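# Here is a sequence with its predicted model. Questions after.
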Amino acid sequence: MAITLNGTTGITTPDLTSTDDITANGATVLTSASTTVLPKGVPAFRAWLYNGGSNWSFSNGVITKIPFDTITFDTDSFFDNTTNYRFQPTIAGYYQITVNVYISYTSTGGAVPYAMIYKNGSEYARGGQVYSAVSIYGGINVTDIVYCNGSTDYVEGYVYYNSSSAFLPIGSSYNFISGVLVRAD
């Protein structure tokens, strides 16, 4: 493989594959004054709610943290799926985070479920919609870019529902949190 420099504007890399590395001074990350080109091993994770194989119930009208307890993948072991159920990366940067909630509920109309991203214990972003049907399932999600400082910042997934009984059914495609580093600091 050949790497061609285009003057001072950048590098053209023809036919890079997932097994190719670009190195400079022995490092797999190239940096310039304004940006970092990410290495092949970019942090990414996905965890979902298994809850011992049972549907997970939560209180009506209460914002509740979802205990995502089963990891699909976690390239750098930044997601805690046993104690705090949170993503706490040790690499500073901007992460795209998604929280997906698939809720089963009974409603007389006007129900408003939310999926929420929390950063450091406070609401950061939410997605929701109003449901008018009775006894159905509804899917909601929220995606946003979250800056994490690489030491103390953490991200969690929450759910809220303001009507009668509701639960989250189990299944890896229903209720999950995922994220990937999109730009390192």
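It's in. Source: prediction; values computed, not measured. Numbers count the residues shown, from 1 in each chain.
# how does this protein divide into domains?
For the chain, automatic domain parsing gives the domain ranges 1-40, 41-184.
# Which one of the ones you listed has the poorest average confidence?
Mean pLDDT per stretch puts domain 1-40 lowest among those, at a mean of 50.
# coming back round to it: among the domains of the chain, which is the most enclosed?
Each of those was scored by mean neighbour count; the highest is domain 41-184, a mean of 17, by mean count of other CB atoms under 10 Å. (C-beta placed from N, C-alpha, C; glycine too.)
# Just give me how far the strand or helix carrying residue 183 sits from the chain centre.
Element membership for residue 183, per DSSP states H and E: strand 176-184. Put simply, strand 176-184 sits 5 Å off its chain's centre (CA atoms, centre = their mean, to the nearest Å).
# quick one: contacts of that strand?
Here strand 176-184 makes contact (CB atoms under 8 Å, 6 or more residues apart in numbering) with 29, 35-36, 38, 42-49, 66, 68, 72, 79, 87, 89, 91-100, 145-146, 155-157.
# what about 6 Å?
Residues from elsewhere that reach strand 176-184, judged by CB atoms under 6 Å, 6 or more residues apart in numbering: 36, 42-48, 68, 87, 93-100, 157.
# Alright, calling it a day.
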